[in-house]
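**Student:** Got a predicted model here, sequence first, then my questions.
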Amino acid sequence: GAVVSQHPSRVICKSGTSVKIECRSLDFQATTMFWYRQFPKQSLMLMATSNEGSKATYEQGVEKDKFLINHASLTLSTLTVTSAHPEDSSFYICSARGQGNGYTFGSGTRLTVV
Amino acid sequence: GDSVTQMEGPVTLSEEAFLTINCTYTATGYPSLFWYVQYPGEGLQLLLKATKADDKGSNKGFEATYRKETTSFHLEKGSVQVSDSAVYFCALSGYNAGNMLTFGGGTRLMVKP
C-alpha cells in the first residue's frame, strides 16, 4: 500500500533556530500534500495544502513566513519552522494524496523548542 | 461548511467489552466517511471507510455503517483488546471542501486488562 515517510520523528531545537521536516511518498506520486499540527489531546489542525510546483495555500491564522512549505517534487514536501519558539512546540503530521484520492499520513514529528 | 462531531472521551472499557464511538456529520451532497486511528506518538492510520449511503466499512473487527438518514458513521467493535487503546478520529471528505479531510475532535479509547 501507499507509504509516506516523515522525518525526523523527534527533534529538539533551541529557540531562534530553524527546523526542517521532510515528508516523502515512497511508492506513489503525491499530487497534493497537507501539513497538520496537533496539540496534546486535540484533533488535527490543517496548516496548509501544497501542490507540486506551486505555492502552498495556508489556512487562516497560519503564518506563512514562519511555516515555510516547499513541494518541489511529486514525492517530497518539506515544512520549515523558522525562528522557532517554545510555543511552536507541537506534533506535526503530513499527509499525501495521490491520483486515487486516498490520503496517507506520515508518522508525525514531535518538535520541542527549548 | 462541513463538520464532524464525535463523542468526547476518554472511553474506558475492560477487555472484551463492546465498543461504540458515535460520529455524526454535516455536509452537503454525499461525502466519503472515514475512521482513522492514532497510536501514541504516531501519525494516523486509516482504519476503515465508506463512500456511499448504507456502505459498511470494516477492518480488524471494527465496523461502521454510513447512515445518510441520520448523518452518522458510528464505530463499533464487538470485543475490544488492550492493543486497541488509541485515539480514534472520524472524518469526512466532501466535494464542497475540494475533497479535503475534515476531522472530528478525536476520541481516546483506553482498554484495561
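**Tutor:** Alright, I've got the coordinates.
**Student:** Check whether the helix or strand of chain B with the lowest mean pLDDT comes near chain A.
**Tutor:** Sorted by mean pLDDT, DSSP states H and E, the helices and strands of chain B end with strand B:101-103, the least confident at a mean of 90. Yes: using CB under 8 Å from any CB of the partner chain, strand B:101-103 reaches chain A at B:101, B:103. C-beta here means a position set from N, CA and C on the backbone, and glycine is covered the same way.
**Student:** Name the strands paired with that strand and say parallel or antiparallel.
**Tutor:** Sheet pairing of strand B:101-103 (DSSP bridges) gives strand B:86-93 (antiparallel).
**Student:** List the residues that contact the closest residue to residue B:51 other than its chain neighbours.
**Tutor:** Nearest in space to residue B:51, with sequence neighbours left out and distances taken as CB to CB, 6 or more residues apart in numbering or on different chains, is residue B:32 at 4.6 Å. Applying CB atoms under 8 Å, 6 or more residues apart in numbering or on different chains to residue B:32 gives the contacts B:49-51, B:92-94.
**Student:** go on, residue A:21?
**Tutor:** Each residue near residue A:21 by CB under 8 Å, 6+ apart is listed here: A:6-8, A:11, A:78-81, A:92, A:94, A:109, A:111.
**Student:** One more: residue A:44?
**Tutor:** By CB under 8 Å, 6+ apart, the neighbours of residue A:44 are A:36-38, A:93, B:44, B:89, B:103.
**Student:** Bridged to it, which residues?
**Tutor:** Counting by DSSP bridges, residue A:44 forms beta bridges with residue A:38.
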